[in-house]
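Asker: with the sequence up front, the predicted model follows.
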Amino acid sequence: MNSSFAFIALGSNLGDSQQTLRRAMERLEEYSAEPVIKSSLWETAPVDCPPDSPRFVNAVVGLMPKPGETPESLLRELNALEREFGRQPKKVLNEARALDLDLIAFGSETRNTQQLVLPHPRAAQRRFVLQPLGEIAPELILLGQSKPVAQLLEVLPPDSTIRKLG
C-alpha cells in the first residue's frame with residue numbers, strides 16, 4: 001500500500017444508500033491519479049445520531065491525490081460532491097444524510113484547523129470506518145497510532161449489528 005494515498009470514508013442513511021455510495025465511489029475516481037481502491041459496502045448502526053436515525057451504509061475509498069492536490073483542496077472537492085448528491089447544511093448534529101464524505105488520512109499530512117483535522121480524530125475508535133478501511137488497507141498505520149488498522153479493529157468492542165452487504 002502506497003503511503004501517499006488519501007483515504008475517504010463514505011456514509012449514507014437517506015434514500016438508496018447503496019446506490020448513492022456506488023455512484024460516489026465512481027465519482028471519486030475523477031480525483032485520483034491512479035485507480036481507486038474500494039472497500040465493500042457495510043451496513044452499520046448510527047453512532048452519536050438523533051434517536052430513530054436510519055441505519056447507515058458505509059465504505060472507504062483509497063485514492064492517489066493528483067499532483068498539486070492538498071488536503072484542503074481535496075476537502076473542498078469532497079464537500080462539493082456531497083452537495084451534488086443532495087447534502088444540505090446541517091440543522092442537527094449527525095442528522096440523516098444522503099452522502100457524507102470524511103477525509104480520514106492524506107498520506108503523511110497532518111492538519112489541525114477549524115475546517116480539517118488529519119488524521120481524522122475519531123477514525124481509530126469507529127468500527128464503521130475501520131471495518132471497510134481494514135479490507136483495503138489492513139497494514140495502514142494511521143498517524144498518531146502505533147498499531148495497524150487490522151490490530152485497531154481487534155481491540156474495538158464487538159458489534160453484531162455491522163454486516164457486509166453483497
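Answerer: Structure received.
Asker: CA only for contacts and neighbour counts going forward, please
Answerer: Fine.
Asker: which helices and strands does the longest helix along the chain pack with?
Answerer: Among the segments of the chain that qualify as a helix by DSSP state H, the longest is helix 71-84. Packing partners of helix 71-84 (3 or more Cα pairs under 8 Å, 6 or more residues apart in numbering; DSSP states H and E): strand 100-106.
Asker: in its sheet, what does the strand it packs on sit against?
Answerer: Strands flanking strand 100-106 in the sheet, each with its direction: strand 6-12 (antiparallel) (DSSP bridges).
Asker: ok, and what's touching whichever helix or strand comes after the partner strand?
Answerer: Note on strand 6-12: by DSSP states H and E, the next helix or strand toward the C-terminus is helix 17-28. Counting contacts by Cα atoms under 8 Å, 6 or more residues apart in numbering, the residues outside helix 17-28 that touch it are 10-12, 36, 38, 41, 56-59, 61, 63, 81, 85, 98-99.
Asker: for helix 17-28, buried residues please.
Answerer: Judged by neighbour count using 16 or more other Cα atoms under 10 Å, the buried positions of helix 17-28 are 17, 18, 20, 21, 24, 25, 28.
Asker: for the longest helix of the chain, buried residues please.
Answerer: Residues of helix 71-84 classed as buried: 71, 74, 75, 78, 79, 81, 82 (neighbour count, 16+ other Cα under 10 Å).
Asker: if we ignore the residues flanking it in sequence, what's nearest the third one?
Answerer: With sequence-adjacent residues excluded and distances taken as Cα to Cα, 6 or more residues apart in numbering, residue 75 is closest to residue 103, at 6.9 Å.
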